[in-house]
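# Attaching a predicted model along with its sequence, questions to come.
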Amino acid sequence: MLVKYLPWLMSALTVYMTVLAGNKSRYAWLVGLVNQALWLVWIVASSAWGLLPMNAALWIVYTRNHVKWK
């Protein structure tokens, strides 16, 4: 069930984060980090190991952006 429905939530959070970033809200990157945690759960649950490099890179980028936007 997690593998089936979690992508819907992650998609919604990605769109919301993008809107927040466009509005120059510093909370965009926190939403993005929460979303990356969900991605990590989904990657493990679905055994989609090829997405781990993307997940790791976005953890770094979103953390960097959050710190720079404070």
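Arrived safely, thanks for sending.
# which helices and strands does the helix or strand containing residue 60 pack with?
According to DSSP states H and E, residue 60 maps onto helix 52-69. On a contact count with 3 or more CB pairs under 8 Å, 6 or more residues apart in numbering; DSSP states H and E, helix 52-69 meets helix 28-46. (Each C-beta comes from the backbone N, C-alpha and C, glycine too.)
# Give the rounded mean pLDDT of the helix holding residue 60.
Confidence for helix 52-69, expressed as mean pLDDT, is 97.
# cool, stretch 36-48 as well?
Computed over stretch 36-48, the average pLDDT equals 97.
# buried stuff in that stretch?
Buried residues in stretch 36-48, counting neighbours by 16 or more other CB atoms under 10 Å, are found at 36, 39, 42, 43.
# Closest one to residue 7 out of those, please.
residue 42 (6.9 Å; CB to CB).
# Which residue, other than its chain neighbours, is closest to that closest one?
When the adjacent residues along the chain are set aside, residue 42 lies closest to residue 6, with 4.9 Å between them (CB to CB, 6 or more residues apart in numbering).
# For that neighbour, the count of nearby residues, please.
16 (other CB atoms under 10 Å).
# Equivalent analysis for residue 29, please.
The local packing of residue 29 (other CB under 10 Å) involves 22 other residues.
# ditto for residue 28
Other residues within reach of residue 28 by the criterion other CB under 10 Å amount to 21.
# go on, residue 59?
Residues near residue 59, counting by other CB under 10 Å: 16.
# do you know how far it is from residue 40?
Residue 59 is 8 Å from residue 40, where distance means CB to CB, to the nearest Å.
# again, but for residue 23
Relative to residue 40, and taking CB to CB, residue 23 is found at 26 Å.
# Same check on residue 26?
The spacing between residue 26 and residue 40, counted by CB to CB, is 23 Å.
# Kindly report the same for residue 55.
For residue 55 relative to residue 40 (CB to CB), the value is 6 Å.
# With that, I have no additional questions.
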